[in-house]
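any chance you could fold what I've pasted below:
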Amino acid sequence: MFRKLNIFAVFICFCELVRGECDVVTKKQWGGLQPTHVQYLPRPVDLVIIQHTATPMCTTDTACKNRVKNIQDYHMDTLNWWDIGSSFYVGGNGKVYEGPGWLHVGAHTYGYNKRSIGISFIGNYEKCDVVTKKEWGGLEPTHVQYLPRPVDLVIIQHTTTPMCTTDTACKNEVKSIQDYLMDFMDWWDIGSSFYVGGNGKVYEGPGWLHVGAHTYGYNKRSIGISFIGNYETDVPTAQQLNAVKALLRCGVENGHLTSNYHVIGAKQVLATLSPGRNLWAEIRTWPEWMDDVSSIKN
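Have a look, this model is predicted:
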């Protein structure tokens, strides 16, 4: 509900920003780092490019400041960019946060940075039909590490927990998995990037943006998808399989996966039975399947 109510304020602030009338939270005010280099933007420009960050949405001043800081850290520390990418960022709290701003060239749209202003809405406005962590009642991670994207490897697994077939049962199962991994294993978060229930719904773990803990030695270069159940005996449903295929298509369309990504089972790179014989038999028929993993194996 808050998201729906606040979008009007965001829209008004965006319109005022374009007209040059909106109060902007300066880089100093949100605690941003100074750029390592600047290039001045010829002005006035005649092009504004709208984007989204594909990160979780923020709705409070503190959360939005932290989100912009995290984005800048990722851009500068991991991608080795001069500064945060977009000219401005718009939070769900209705405030605009300064990036390179009006004066400096940003890094938001390859080939258009030197002649446009890039405005990014903080959030993921393409859900890929995923039940978000907030929606299933998940805990926030104690730490995050950003995943370099796009990735070209998807690893399919199973949880070896009881299968779930209703929304309530699947939410509770994902909660139980997260509680076990965080409370007893002392992990930062739930392990796999996504979980798929027998109800045909996909549940967000670390998601597209963050490194998961699903396949030792491969977490920093892959997406891990776990089917809830034990597929040595359980049989994957058509709804599950279709949901994962749709998720992967969405991943390509939104730049999280390369167009030539490969799908493998966890047993191909680890000493495990996962994803279970029944799921294994299914994924081996997919066109993205990689049979010979010698070129990617650690």
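
just for the stretch 1-150 of the chain, where's the confidence low?
1-22, 126-127 (pLDDT under 70).

what sits against the residue nearest to E140 when sequence neighbours are not counted?
Distance criterion C-beta to C-beta, 6 or more residues apart in numbering; nearest residue to E140, sequence neighbours excluded, is K133 at 7.7 Å. (Each C-beta comes from the backbone N, C-alpha and C, glycine too.) When contacts are counted by C-beta atoms under 8 Å, 6 or more residues apart in numbering, K133 touches 140, 204-205, 207.

cool, V105 as well?
V105 neighbours (C-beta under 8 Å, 6+ apart): 38-41, 113-114.

and H52, what are its bridge partners?
In this entry, H52 is beta-bridged to F121, by DSSP bridges.

hang on, it packs against G118?
No: if you go by C-beta atoms under 8 Å, H52 and G118 don't touch, sitting 11.3 Å apart.

would you map out the domains in the chain?
2-121, 130-283 (automatic domain parsing).

can I get those domains in CSV including distance to D291?
Below are the domains of the chain laid out as CSV (distance: least, C-beta to C-beta, whole Å):
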stretch, distance to D291
domain 2-121, 32
domain 130-283, 9
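
of those, flag the one that's most buried.
domain 130-283 (a mean of 19; mean count of other C-beta atoms under 10 Å).

can you give me the end-to-end span of it?
Across domain 130-283, the terminal residues are separated by 21 Å (C-alpha to C-alpha, to the nearest Å).

ok, now stretch 139-151?
So stretch 139-151: terminal residues 25 Å apart, C-alpha to C-alpha.

contacts made by that stretch with the rest, please.
Residues contacting stretch 139-151 (C-beta under 8 Å, 6+ apart): 70, 74, 78, 133, 178, 182, 188-189, 206, 208-212, 220-223, 255-258, 261.

can you rerun that using 7 Å?
74, 78, 178, 182, 188-189, 208-211, 220-223, 255-258 (C-beta atoms under 7 Å, 6 or more residues apart in numbering).

any idea how far the residue nearest to E140 lies from P206?
Noted for K133: a distance of 9 Å to P206, by C-beta to C-beta, to the nearest Å.

the closest residue to Q178 other than its chain neighbours and L181: what is the separation?
Nearest non-adjacent residue to Q178, counting by C-beta to C-beta, 6+ apart: I190, 4.0 Å away. Using C-beta to C-beta, I190 is found at 6 Å from L181.

how about K69?
Taking C-beta to C-beta, one finds K69 at 26 Å from L181.

what's the answer for G207, then?
15 Å.

cool, and W30?
For W30 relative to L181 (C-beta to C-beta), the value is 32 Å.

quick one: the strands in the stretch 1-150 of the chain?
24-25, 48-52, 88-90, 96-98, 117-121, 130-131 (DSSP state E, counting those that start in this stretch).

those: which one's closest to Q268?
Nearest to Q268, of all these, is strand 130-131, at 25.5 Å by C-beta to C-beta.

in helices, which of the contacts of stretch 139-151 appear?
Q178 (DSSP state H).

hang on, isn't G85 packed against H108?
Yes: with contact defined as C-beta atoms under 7 Å, G85 counts as touching H108 (4.9 Å).

mind jotting down where the helices sit in the stretch 51-200 of the chain?
61-73, 133-136, 167-179 (DSSP state H, counting those that start in this stretch).

turn those helices into TSV, columns for distance to T160.
Output for the helices of the stretch 51-200 of the chain, formatted as TSV (distance: least, C-beta to C-beta, whole Å):
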stretch	distance to T160
helix 61-73	33
helix 133-136	20
helix 167-179	10
